[in-house]
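Asker: With the input below, show me the fold.
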Amino acid sequence: MNVFTTPSRIVVTCNKRLAPYLESEIRELGFKPTRVFATGVELRGTVNDCIRLNLQLRCASQVHYSLKEFTADNPEHVYRNIHSFPWEKLLDEKGYFSVTSNVDHPTVNNSLFINVKVKDAVVDRMRKQTGERPDSGPLADRVVIHLYWRDNKAELFLDTSGETLAKHGYRKIPGKAPMLEALAAATIMATRWDRRSAFVNPMCGSSTLAIEALLLATNRRPGLYRSNYSFMHVKGFDEAFYANEYRRMEDQVKEVPGLQVIATDISEDAIHVSRVNAGIAGVEKMISFRVCDFELTDVPEGGGVVYFNPEYGERLGEVTALEATYARVGDFLKKKCKGYTGYIFTGNLDLAKKIGLRASRRIEFYTAKLDCRLLEYELYEGSKRSKEPVVRSKEGDV
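Answerer: Model (predicted):
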């Protein structure tokens, strides 16, 4: 079986609550998902299709290509089924591979144990067929094999990504409490931004949001910033096919004349980090950076989106101090952002009440630790509805 040209089940995983945005991306690429679930999207395709998905997707974590489905009641069943797979057709006997797993079975209480079982089965098969064995270990920078096993149903995957796709590769200096790139992209996709009007990001931190906004607007894909994937280390990898997909991705980049992206932060260090990351992404000259308090952020005429990602506060003293900050954010939106759509991403809805505006939408997201919301505020010009930019919402106050 040539996995690069043989269709099979593909499961593209993502972080919690990103699946709708991932599905939209996959459909825009011309694929037809067969199932969407809480943390991923399923479709059919080849490993060559996986190459395109790896290069193009913003919201994904891993792209898994199914190699084999089987039933297993215990670890020995897993070993025998994996040992029977023709690994010599996929792996270089002098190469390297790693194993990951997602296991929920009463016979296994330690995922490391089953990972070793999978590794042993692969190594024993390779030694039997070739007289040699590849090295193995924890690094995900070459071939990655993934086992999914729940109840008595097991499935063996080639993880064509390796290192997670959720990190887009340009952020060499993360900054303080950075938002994951895949999450940042999804939240921007959830806004009403037309990708032509202004995008204003006060409290920008390391500027992940401002950078991702520009990558979306100019159609720069994450694959531009990464040069290594698991699929590159599988036997049969066609470098010419990959090069053609890479050129296609480069050709998609477009200019957006007049686009204004503004990122400000009170921290000089944050703006320095932002410039470095934006430079690696190739968009530094497209962002107007400024060191200042957020209230001094320039908001261009003509409307657009203003997006805050303030701190949430984890301890009582921090929350109390942040109440005044959230109130000031609300005042800034009311006074300086009329004609814009405002967004605040927060993991603390009690703090969000201090903003003093009603949200037109509350969009659910999730970080590694917190249940979060992207709150949307329509900030009307003049007295369209009232003297204050208040929006009616079935959900009431935030």
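Asker: From here on, just use CA atoms for contacts and neighbour counts.
Answerer: Fine.
Asker: Domain parsing of the protein, as residue ranges.
Answerer: Segmentation of the chain into domains, based on automatic domain parsing, reads 8-159, 181-220+242-378.
Asker: end-to-end on the shortest one?
Answerer: Yep, that's domain 8-159 we're talking about. The straight-line separation of the ends of domain 8-159 (CA to CA, to the nearest Å) is 13 Å.
Asker: pLDDT below threshold where in the stretch 151-300 of the chain?
Answerer: Under the criterion pLDDT under 70, the flagged ranges of the stretch 151-300 of the chain are 175, 177.
Asker: Which residue ranges of it form helices?
Answerer: 181-190, 208-217, 239-252, 268-281 (DSSP state H, counting those that start in this stretch).
Asker: Mean neighbour count, those helices: which tops it?
Answerer: The highest mean neighbour count among the helices of the stretch 151-300 of the chain belongs to helix 208-217 (a mean of 24), with neighbours defined as mean count of other CA atoms under 10 Å.
Asker: follow-up on the earlier one: quick one: closest of the domains of the chain to Ser230.
Answerer: Ranking these by proximity to Ser230 (CA to CA) places domain 8-159 first, at 4.7 Å.
Asker: okay if I get the domains of the chain as JSON lines plus distance to Tyr170?
Answerer: Formatted as JSON lines, the entries for the domains of the chain read as follows, by distance: least, CA to CA, whole Å:
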{"stretch": "domain 8-159", "distance to Tyr170": "13"}
{"stretch": "domain 181-220+242-378", "distance to Tyr170": "5"}
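Asker: Select, out of those, the one closest to Lys235.
Answerer: Shortest distance between Lys235 and those, using CA to CA, is found for domain 8-159: 4.9 Å.
Asker: closest one to His233 among the domains of the chain?
Answerer: His233 lies closest, by CA to CA, to one member of these: domain 8-159, at 5.8 Å.
Asker: residues touching Lys94, list them.
Answerer: Neighbour list for Lys94: 132-135 [criterion: CA atoms under 8 Å, 6 or more residues apart in numbering].
Asker: State the number of residues packed around the nearest residue to Asn74 once chain neighbours are set aside.
Answerer: Here the nearest residue to Asn74 in space, its sequence neighbours aside, is Thr107; by CA to CA, 6 or more residues apart in numbering that works out to 6.2 Å. Residues lying near Thr107 (other CA atoms under 10 Å) number 11.
Asker: Can you check what pLDDT the model gives Thr107?
Answerer: The model reports Thr107 with a pLDDT of 92.
Asker: same thing with the one 5 residues further on?
Answerer: The model reports Leu112 with a pLDDT of 90.
Asker: just so I have it, where are all the strands in the stretch 251-398 of the chain?
Answerer: For the stretch 251-398 of the chain, the strands identified by DSSP state E, counting those that start in this stretch occupy 261-265, 287-291, 304-308, 341-346, 361-366, 371-378, in order along the chain.
Asker: How far away from the center of its chain is the fourth one?
Answerer: Per CA atoms, centre = their mean, to the nearest Å, the displacement of strand 341-346 from the mean C-alpha position of its chain is 19 Å.
Asker: One more: the second one?
Answerer: Distance of strand 287-291 from the chain centroid (CA atoms, centre = their mean) equals 25 Å.
Asker: The last one now?
Answerer: Taking the mean of its C-alpha atoms, strand 371-378 sits 18 Å from the chain's own mean (CA atoms, centre = their mean).
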